[in-house]
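Visitor: The sequence and its predicted three-dimensional model are supplied below.
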Amino acid sequence: MRAMADLVTNLRNEEDKLLEGGGAKAIQSQHDKKRLTARERLGLLLDPGTELFELGMYAAWRMYEEWGGAPCAGVITGLGKIHGRTFMIIANDATVKAGAFFPMTAKKVIRAQNIAIENHIPTIYLVDSAGVFLPLQEDVFPDTDDFGRVFRNNAVMSAKGIPQIAAIMGMCVAGGGYLPVMCDHVLMTDGSGLFLAGPALVQAAIGQKVSAEELGGAEMHSAISGTVDYHEPNDESCLKRIRSLVEKMGARPRAPFDRIPEAPAPLYAPEELYGIFQSNVTQPYDMKEIIARIVDGSKFDEYRAEYGKTLICGFARIGGHAVGIVANQAAHQHQTDEQGHKRVEFGRVIYTESAEKAARFIMDCNQNLVPLVFLHDVNGFMVGRDAEWSGIIKAGAKMVNAVSNSVVPKISVIIGGSFGAGHYAMCGKAYDPRFIFAWPSARYSVMSGESAAGTLVEIKIKQLERGGKKLTEEDRKKLYDETKATYDEQMDPRYGAARLWLDAIIDPLDTRDAIVAALSAASLNPEVEKFRVGVLQT
């Protein structure tokens, strides 16, 4: 219990630093311009008593340090309530390098847009950005997950009928000027600027001298160019106008997934999760105890409970939403094979029977329009002669196929390890989960640190020996320790979250709320494709 509490405390301390953005001096500079900070704006925009469910907070964590860092990648994204409706919020943080776009800034905005597209979430942009961070322009500008994709997504969202509102509350320059103009409503505050080229660049390019206000101020765009729909005197008025516009939006069809209005809390206290979970892979625990502290009324209809027991499958409700749960069992299990031989199966490992069961369960959920929740603590698929003879690859391929072609919403929560092909089969990032969360205890890589370090060190030693160099035991240990330290650092969930492999790192106590928020967002999209799996190995 103490270990998890320490991890959560460290996480909170880290997040407190991230919430400061560019720091006190940059915040004061924003106030001197008569502008609110991004987080102050959110405080006025969202419904009183509610908070932003922040996504991508750790984006760019410990990156770009040679440029002074970019906390939260210089942009805030997340789900927020306005007049009771869920919105995706994308707000530039001008306290971080004047809101300039680093490579991860573009990727974070695009991830937020992709979530909005997949779930049909109306989106609000609070624009306050100096544009591309020029020293890194080659990594911001050209690719499908770079700056230009943002405006392409604006167009795609509009075509899909997903409402978009943009408020220019500071600078909006160069290519970034297309973002607000491609939205349904455009608001602009006095003192802001919207132009493809600023005054200095205009003078250099064509020799014309013009002030920023005359070139692209709110008064010009509202009265002359007709680009802006609403001209507001300040941030407070602009945010009030957005809330007023949202209040008048019509209702849209909902997804066909089942939800009941009354959602009883779990029978067991969520605080007990700290004591149940064991991050040490040598220590077993019962994943059903985790599930009992997440699902409504702790009720769980387990599917094929006596078969393939290292994967737990079953139906439940979370926040009233019907869900199918696929979870790795961390406790060792007794199993009898088709020849009547008894064996002990290791927890956190996917065996042939487990993969077969999960593949069928995932197909059942798609057949019956039940969203899927995956709880990860997986070391991978079983290896060895017996596993290969039993058709582990074939069974694993079935499970991966079912996950890949699943059309119902998928939500993944990595609570312990999530390694190698086990990560894929459990709906890792590459398999399009609508949302992917992690506990602070998560470990995320091809294999565990010990296994990876041992393998890499042996390869290195053989390379050195081929060159005629012999290593002492002390040299071997040093090489192993250095390799493992590097690998362990990369398994840290913050490392993955920095690169947007994770949408959020959550306190275990918030797991139920995070899943409910994700399911509620997913229910905004009424479109469900026809489920097809293609060729299955049998």
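Guide: On my side now, so go ahead.
Visitor: So, low pLDDT: which residues of the stretch 51-200 of the chain?
Guide: In the prediction, the stretch 51-200 of the chain carries residues with pLDDT under 70 at positions 175.
Visitor: same thing with the stretch 301-450 of the chain?
Guide: In the stretch 301-450 of the chain, residues with pLDDT under 70: 446-450.
Visitor: mind running it again at 90?
Guide: Scanning the stretch 301-450 of the chain for pLDDT under 90 picks out the ranges 334-345, 386, 420, 444-450.
Visitor: Okay, strands next: where are they in the stretch 301-450 of the chain?
Guide: 301-302, 311-318, 321-328, 333-336, 342-345, 349-350, 372-378, 380-381, 410-419, 435-438, 443-445 (DSSP state E, counting those that start in this stretch).
Visitor: ok, residues contacting the last one?
Guide: Contact with strand 443-445 is made by 279, 414, 416-419, 423, 438, 449, 452, 487, 490-493, 495-496, 501-502, as judged by Cβ atoms under 8 Å, 6 or more residues apart in numbering. In short, each C-beta sits where N, CA and C put it, glycine included.
Visitor: Tell me the buried residues within the residues you listed.
Guide: Listed as buried from those are 279, 414, 416-419, 423, 438, 449, 452, 487, 491-493, 495-496, 501-502; burial here means 16 or more other Cβ atoms under 10 Å.
Visitor: got the residue ranges for the helices in the stretch 251-400 of the chain?
Guide: 273-276, 287-291, 352-367, 385-389, 392-405 (DSSP state H, counting those that start in this stretch).
Visitor: Highest mean neighbour count out of these?
Guide: helix 352-367 (a mean of 23; mean count of other Cβ atoms under 10 Å).
Visitor: chain center to stretch 129-146, what's the gap?
Guide: Remark: stretch 129-146 is offset 21 Å from the chain centroid, using Cα atoms, centre = their mean, to the nearest Å.
Visitor: nope, stretch 78-86 is what I meant
Guide: Using Cα atoms, centre = their mean, the offset of stretch 78-86 from its chain centre is 18 Å.
Visitor: just to revisit the earlier point, mind putting the helices of the stretch 251-400 of the chain in a markdown table, distance to K33 included?
Guide: Shown next, in a markdown table, are the helices of the stretch 251-400 of the chain (distance: least, Cβ to Cβ, whole Å):
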| stretch | distance to K33 |
| --- | --- |
| helix 273-276 | 45 |
| helix 287-291 | 48 |
| helix 352-367 | 51 |
| helix 385-389 | 64 |
| helix 392-405 | 49 |
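Visitor: So for R317, which of those helices sits nearest?
Guide: helix 287-291 (11.8 Å; Cβ to Cβ).
Visitor: which residues are contacting that closest one?
Guide: Against helix 287-291 from outside (Cβ under 8 Å, 6+ apart): 272-273, 276-277, 300, 302, 312, 314, 316, 325, 327-331, 375, 377, 415.
Visitor: same thing but at 6 Å, please
Guide: I276, F300, I312, A327, Q329, A330 (Cβ atoms under 6 Å, 6 or more residues apart in numbering).
Visitor: Please look at the fifth one and I312 and confirm they touch.
Guide: It refers to Q329. Yes: Q329 is in contact with I312 according to Cβ atoms under 6 Å; the separation is 5.3 Å.
Visitor: re earlier: looking at the helices of the stretch 251-400 of the chain, which is nearest to L509?
Guide: Across the helices of the stretch 251-400 of the chain, closest to L509 is helix 273-276 (Cβ to Cβ), at 6.8 Å.
Visitor: what are the C-alpha coordinates of that closest one, in CSV please?
Guide: Extracted C-alpha coordinates of helix 273-276, given in CSV (Å, rounded to 0.1, in the frame of the first residue of the first chain):
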residue,chain,number,x,y,z
LEU,A,273,-6.8,-0.9,-4.5
TYR,A,274,-3.5,0.4,-3.1
GLY,A,275,-3.1,-2.7,-1.0
ILE,A,276,-4.4,-5.3,-3.4
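Visitor: Just confirm I168 is within a helix.
Guide: No: assessed with DSSP: H, G, I helix; E, B strand; the rest coil, I168 is strand; it does not lie in a helix.
Visitor: what's the spatially closest residue to it that is not a sequence neighbour sitting at in phi/psi?
Guide: Of all residues not flanking I168 in the chain, M188 sits nearest, at 4.3 Å (Cβ to Cβ, 6 or more residues apart in numbering). Main-chain torsions, M188, degrees, to the nearest 10: phi -150, psi 140.
Visitor: what bridges to G314?
Guide: E302, I325 (DSSP bridges).
Visitor: how deep is it tucked in, by neighbour count?
Guide: 20 (other Cβ atoms under 10 Å).
Visitor: isn't it right up against E302?
Guide: Yes: using Cβ under 6 Å, G314 is in contact with E302, at 4.0 Å.
Visitor: And the furthest pair within the contacts of helix 287-291?
Guide: Among those, the pair separated by the greatest distance (Cβ to Cβ) is F300 and A330, which sit 16.3 Å apart.
Visitor: between these two, who's got more neighbours?
Guide: Shown here are F300 and A330; by other Cβ under 10 Å, A330 has more neighbours (28 against 20).
Visitor: Correct me if wrong: that one contacts R348.
Guide: Yes: using Cβ under 6 Å as the test, A330 is close enough to R348 to be in contact (5.3 Å).
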